[in-house]
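Asks: The following block contains a protein sequence and its predicted model.
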There are 2 protein chains.
Amino acid sequence: MAENEFSESHRVVYYETDDTGHLTLAMLINLFVLVSEDQNAALKLTTDDIHSLGVGWVVTQYHLQVDKLPQIGDQVTLKTRATAFNKYFAYREYWLLDTEGNQLAYGEGIWVTMSYATRKIATIPAAIMAPYGTEPVKRLPRLPRPEKVDQTATSVAKPYTVRYFDIDENGHVNNAHYFDWMLDTLPAEWLRQHQPVDVRIRFENEVKYGHQVTSEVAHSHATTTQHTVKIGATIAVLATIDWQPRR
Amino acid sequence: MAENEFSESHRVVYYETDDTGHLTLAMLINLFVLVSEDQNAALKLTTDDIHSLGVGWVVTQYHLQVDKLPQIGDQVTLKTRATAFNKYFAYREYWLLDTEGNQLAYGEGIWVTMSYATRKIATIPAAIMAPYGTEPVKRLPRLPRPEKVDQTATSVAKPYTVRYFDIDENGHVNNAHYFDWMLDTLPAEWLRQHQPVDVRIRFENEVKYGHQVTSEVAHSHATTTQHTVKIGATIAVLATIDWQPRR
């Protein structure tokens, strides 16, 4: 495996799945973040090491493509690659594979380092990237953006209050929880009958403990949903999800 | 190991912990249920096998004693024993151990089988217990009950709506989510500074998808909290938790 790649095995267990027994999108994101944190740890880049440089990693965008969500008891492989970076952005890829190496899901993410002092994007410290053994590049791949929200479509909105247990060690809302808020606006029966196949999501503004957010959903197509998570009038997250009927 | 005992190893990962990096109570319950489901599977008692008898396991009561909650990256051992049962009740024990075999947490649970047809408690089918190799007993250990709620104490109440992703494969709210609702009523700073040491919880009535519940908390002592989760005027869950300052 290349120096900038890392993989580990994982068993899908019951609390990672929905009531149909399939891995949830929220847990898919958790597993992708897990394998990248484990890669950092293997390269002796612990969260504490990164914090000591005065910055923390923050994701700004994901693009996920889902072939098939694994089920309770399935053994899977989580794989990631720190593919490319420039002064401000890092492009990372993720794979979820079955035991034969077939792709179950693929993800791309754009990450930035945020300064704890200014809460703004900071130049990526060289010490963070050096262990990956890759050189900076001029241009990074661009991820597809969420659709522009169709203001004429009928939408459903639900309120959610950020809970203590939504917050991770970095003091942010764990990104996976956005998926719970976004998808919970869809009817249970519809969720049981459909699986996500393509997800474009952008994180625009940080959500904090105690915030009340509104999660809005509209269908731009029978099998495409547009999601907006807002704090008051401020957009926190925008996402578009393509679905297909579960086989 | 005795025929009715089972254990497995587990690594505590970031999405199982709170913002102090310690395993959450909700996840402790998830892990205890996981090791008992894995024991069932090892004895060829899958969830499907149990369902085919027209019943499902439902927990009515837990008693947890916590010595020390493990942190991100810690390797732990999950252990369980199907200790004793009679016509209607099964008594199960659980342990969370560190790599040296020291106890981190201990749990006891009382389980019943609920009939899918009547939604009432059913005689435990002999086929479910036979693989454990234990004989029925007359008397089971009694677990300590939650305190009687002090109606004169000042309480705080928060509403929670049951989400699609709170429901597990059995169509019930995953029990672990009750802990999120109960503990989220306490201030974040207080939760950061205290760890639970003793938890008595009784599940009185089933909570379903779409229900709105109210989670109420009162302090009967500086380090004892009384919790009630209600659906309207109906009590769903009662619990008492003793805490100590985190060292």
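Replies: Perfect, I can see it now. Residues are numbered from 1 along each chain as shown, chains lettered A, B, ... in the order given.

Asks: going forward, measure contacts between C-alpha atoms and count neighbours the same way
Replies: Fine.

Asks: and chain A, which residues reach chain B?
Replies: By CA under 8 Å from any CA of the partner chain, the part of chain A that sits against chain B consists of A:13-15, A:17-21, A:30, A:34, A:163-165, A:167-171, A:180, A:184, A:188.

Asks: What separates the first and last residues of stretch A:17-28, distance-wise?
Replies: End-to-end distance of stretch A:17-28 (CA to CA, to the nearest Å): 10 Å.

Asks: Tell me who's in contact with A:Pro159.
Replies: Applying CA atoms under 8 Å, 6 or more residues apart in numbering or on different chains to A:Pro159 gives the contacts A:Gln212, A:Val213, A:Thr214, A:Ser215.

Asks: what about the first one, how many residues close to it?
Replies: It refers to A:Gln212. Applying other CA atoms under 10 Å in any protein chain shown, we find 16 residues neighbouring A:Gln212.

Asks: Could you check the pLDDT of it?
Replies: For A:Gln212, the pLDDT comes out at 94.

Asks: Just the buried residues of the helix or strand hosting A:Ile235, please?
Replies: A:Ile235 belongs to strand A:234-245 when assigned by DSSP states H and E. Neighbour counts over strand A:234-245 (16 or more other CA atoms under 10 Å in any protein chain shown) mark A:Ile235, A:Ala236, A:Val237, A:Leu238, A:Ala239, A:Thr240, A:Ile241, A:Asp242, A:Trp243 as buried.

Asks: same check, this time on stretch A:137-152
Replies: A:Leu143, A:Arg145, A:Pro146, A:Glu147, A:Val149.

Asks: Tell me the spacing between the first one and B:Ile167.
Replies: In this structure, A:Leu143 and B:Ile167 are 33 Å apart, going by CA to CA.

Asks: Need the three-state assignment for the residue of chain A most remote from its centre.
Replies: Centroid-distance maximum for chain A: A:Thr152 at 28.0 Å, with CA atoms, centre = their mean. Three-state call for A:Thr152 (DSSP: H, G, I helix; E, B strand; the rest coil): coil.

Asks: any idea which element the residue nearest to the spatial centre of chain A lies in?
Replies: The residue lying closest to the centre of chain A (CA atoms, centre = their mean) is A:Ile29, at 4.6 Å. Per DSSP H and E: A:Ile29 is located in helix A:25-42.

Asks: What of A:Arg247?
Replies: In this structure, A:Arg247 sits in neither a helix nor a strand according to DSSP H and E.

Asks: Which pLDDT value belongs to it?
Replies: 77.

Asks: ditto for A:Thr47
Replies: If you check A:Thr47, the pLDDT there is 77.

Asks: next one: the one 10 residues further on
Replies: With respect to pLDDT, A:Trp57 has a value of 90.

Asks: How about it: what's its closest non-neighbour residue?
Replies: Using CA to CA, 6 or more residues apart in numbering or on different chains and skipping residues adjacent in sequence, the residue nearest A:Trp57 is A:Thr113, 4.6 Å away.

Asks: Check the burial of the one you found by counting its neighbours.
Replies: 23.

Asks: that older thread, quick one: which of the contacts of A:Pro159 has the most company?
Replies: A:Ser215 (25 neighbours).

Asks: so where does that one fall, helix or strand?
Replies: Taking DSSP H and E as the definition, one finds A:Ser215 inside strand A:212-221.

Asks: Quick one: name whatever helix or strand follows that strand.
Replies: Using DSSP H and E, the helix or strand that follows strand A:212-221 in sequence is strand A:224-231.
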